[in-house]
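Enquirer: Here is my input, please return the structure:
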Amino acid sequence: MKNKSIFFSIIFLLFITLNLFAKGVIVIDIKGIITSATTNFVKKGIATAEKQDGILMLRIDTPGGLLSATRNIVQLIFKSNVPVISVVYPAGARAGSAGSFIVMASNYALMFEGSVIGAAHPISITGKNIEGDMRKKIENDTVAFMRAIAEKRKRDVSSAVLMVSESKSYTDKEAYKNGLIDGIVDSDKKIDSFLKDVFKLKIVNYIFVKPTTFERVKFFLSDPNVLVLLLIITLLSFYLEIKFGGTFVFAGVAIISFVLFLIGLNIIPVNYFALLMFLIGIALLVMEIFIPSFGLLAFFAIVLIILSLNLLYKVDGNLGIKVAWYVIATIVLIIVMLMLFVGKIIIKDYKRNPVTGAEKFKNLEGEVVHWGDNKGKVFINGEYWDAISDQIFKEGDLVKVKEVKGLKLLVEKAKDE
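Expert: Modelled structure (predicted):
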């Protein structure tokens with residue numbers, strides 16, 4: 001029994017000793033759009049790694065983000081007192097646009113098999129290449145930024161610059177072949193092996209830093225698709241509150257979603273011209289409901305909405321930020337379905353027989369009270385009416401109202417069932 005206690009004590013002390021000498025690898029995930037919230041998260045990760053004299057690992061999967069936030073993150077990495085490793089993670093991930101600058105700035109860069117990096121060319125608010133002197137100014141500045149990063153980290157400058165000047169994208173193998181990254185991995189074990197080889201580690205001790213609730217909210221609101229949906233919810237809830245006023249439920253939803261939308265605007269800059277186009281498109285849809293134009297207004301509304309959603313985040317300093325095509329397609333599909341539904345109601349209402357006045361008796365059946373000389377009295381819907389016809393009837397015959405002429409009903413013999 002005593003020997004067993006000594007054995008387990010030795011194992012426990014060995015375990016503690018290995019962990020004391022194990023290099024802590026602080027891991028943070030950079031997902032979605034890169035914003036000021038991402039900057040603060042990276043800053044927290046670096047501070048944690050420096051406090052433990054460890055290593056910071058950035059697992060990246062992003063379509064892009066704000067150039068201003070990207071510059072701040074690059075500066076944080078350059079000033080870091082601990083090594084920073086970027087991994088385009090997991091397989092199928094991308095370090096698009098702004099994300100490519102962060103990967104290039106890291107001390108070590110890895111990519112999972114099947115991942116991509118690049119497409120960092122600046123664009124105008126129309127989504128096309130910027131022309132003239134302004135294009136040269138913006139492009140040269142962004143190219144210089146990428147060149148400086150590549151030179152500092154001794155990566156292939158020409159291949160790195162192509163990601164900006166020609167919006168070049170690279171697969172994992174292409175990036176490694178062109179000297180942009182330090183290795184390709186296909187599993188977490190391969191990352192372990194890389195860390196052990198580079199930093200001469202016996203074991204790898206991962207410490208995952210999770211975002212706070214407030215940071216999660218900011219990350220959530222930094223999704224361009226979420227902001228568009230919040231705007232749609234705001235407008236729809238506002239309409240429902242007008243339609244079914246008094247409950248204040250829809251008003252509350254509209255206020256909350258609108259406040260969240262405003263918070264999101266402070267995270268991701270938007271093209272206000274495109275936002276105005278979107279609101280005009282919604283206004284045209286409303287006009288189509290009250291002023292039927294046989295679908296013409298609805299057509300122009302849909303065109304404006306599609307264009308505005310494509311241009312909504314085309315702002316200088318936004319790299320790779322856009323509304324997903326499936327979100328645009330879903331919104332347009334919902335609008336088309338709603339317009340078809342409303343149009344069907346309008347057509348049905350137009351074809352419906354009047355429910356007031358004498359016209360409401362059209363196509364109704366009644367009973368002849370008396371008849372003579374092509375005219376007489378009929379009993380319909382609990383009332384007696386003067387009736388005329390070129391047909392001959394007798395008392396008790398069933399007739400059908402064919403037409404209403406003033407205060408007289410033009411009737412015909414009702415068909416037998």
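Enquirer: where in the stretch 301-417 of the chain is pLDDT low?
Expert: Filtered on pLDDT under 70, the stretch 301-417 of the chain yields the residue ranges 342-361, 416-417.
Enquirer: mind running it again at 80?
Expert: For the stretch 301-417 of the chain, the stretches with pLDDT under 80 are 316-317, 338-363, 381-383, 406-407, 415-417.
Enquirer: do the stretch 101-250 of the chain as well
Expert: Within the stretch 101-250 of the chain, the segments meeting pLDDT under 80 span 120-139, 242-248.
Enquirer: all strands of it, in order?
Expert: 108-112, 116-118, 169-171, 183-185, 204-208 (DSSP state E, counting those that start in this stretch).
Enquirer: Turn these into a markdown table, including distance to residue 244.
Expert: No exception for glycine: its C-beta is placed from N, CA and C like everyone else's. A markdown table is the format used below for these (distance: least, CB to CB, whole Å):
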| stretch | distance to residue 244 |
| --- | --- |
| strand 108-112 | 50 |
| strand 116-118 | 48 |
| strand 169-171 | 49 |
| strand 183-185 | 56 |
| strand 204-208 | 47 |
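Enquirer: and the residue positioned nearest the centre of the chain, how far is that from residue 272?
Expert: In the chain, the centroid-proximal residue (CA atoms, centre = their mean) is residue 225; its distance is 1.4 Å. Distance, residue 225 to residue 272, using CB to CB, to the nearest Å: 19 Å.
Enquirer: Please apply the same query to residue 162.
Expert: In terms of CB to CB, residue 162 sits 33 Å off from residue 272.
Enquirer: What of residue 137?
Expert: 22 Å.
Enquirer: Equivalent analysis for residue 180, please.
Expert: On the measure of CB to CB, residue 180 and residue 272 end up 37 Å apart.
Enquirer: I'd guess residue 384 is in a strand, am I close?
Expert: Yes - counting by DSSP: H, G, I helix; E, B strand; the rest coil, residue 384 is part of a strand.
Enquirer: Please name the spatially closest residue to it (chain neighbours excluded).
Expert: residue 377 (5.5 Å; CB to CB, 6 or more residues apart in numbering).
Enquirer: repeat for residue 70
Expert: residue 98 (4.3 Å).
Enquirer: what sits against that neighbour?
Expert: 34, 62, 64, 65, 66, 67, 69, 70, 120, 319, 320 (CB atoms under 8 Å, 6 or more residues apart in numbering).
Enquirer: Restricted to strands, list these.
Expert: Assigned to strands by DSSP state E, the following of those qualify: 65, 66, 319.
Enquirer: and the second one, how many neighbours?
Expert: Read that as residue 66. Neighbours of residue 66 under the rule other CB atoms under 10 Å: 25.
Enquirer: now do the last one
Expert: For residue 319, the number of neighbouring residues by other CB under 10 Å comes to 28.
Enquirer: Return the set of residues that bridge with it.
Expert: For residue 319, the beta-bridge partners are residue 65 (DSSP bridges).
Enquirer: re the thing from before, with mean neighbour count added, can I get the strands of the stretch 101-250 of the chain in a markdown table?
Expert: Output for the strands of the stretch 101-250 of the chain, formatted as a markdown table (neighbours: other CB atoms under 10 Å):
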| stretch | mean neighbour count |
| --- | --- |
| strand 108-112 | 25 |
| strand 116-118 | 25 |
| strand 169-171 | 20 |
| strand 183-185 | 19 |
| strand 204-208 | 15 |
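Enquirer: For residue 298, which of these is the nearest?
Expert: The closest of the strands of the stretch 101-250 of the chain to residue 298 is strand 169-171. By CB to CB, the value is 37.8 Å.
Enquirer: In its sheet, which strands sit next to that closest one, and in what direction?
Expert: Partners of strand 169-171 in its sheet, by DSSP bridges: strand 116-118 (antiparallel).
Enquirer: ok now the strand it pairs with, how far from the chain's centre?
Expert: Distance of strand 116-118 from the chain centroid (CA atoms, centre = their mean, to the nearest Å) equals 21 Å.
Enquirer: if we can go back for a sec, which phi and psi values does the residue nearest to residue 70 adopt?
Expert: phi -60, psi -30 (degrees, to the nearest 10).
Enquirer: Equivalent analysis for residue 32, please.
Expert: Main-chain torsions, residue 32, degrees, to the nearest 10: phi 80, psi -160.
Enquirer: what's the answer for residue 93, then?
Expert: Per-residue torsions, residue 93: phi -80, psi 170 (degrees, to the nearest 10).
Enquirer: Now for residue 37, how many residues are close by?
Expert: Neighbours of residue 37 using other CB under 10 Å come to 22.
Enquirer: I'd say it and residue 222 touch.
Expert: Yes - look at residue 37 against residue 222 with CB atoms under 8 Å: they come within range, at 6.0 Å.
Enquirer: Walk me through the domains of this protein.
Expert: The chain breaks down into these domains under automatic domain parsing: 21-214, 223-266, 269-352, 358-413.
Enquirer: Just say which of these is most tucked in.
Expert: For those, the largest average neighbour count (mean count of other CB atoms under 10 Å) is found in domain 21-214, namely a mean of 19.
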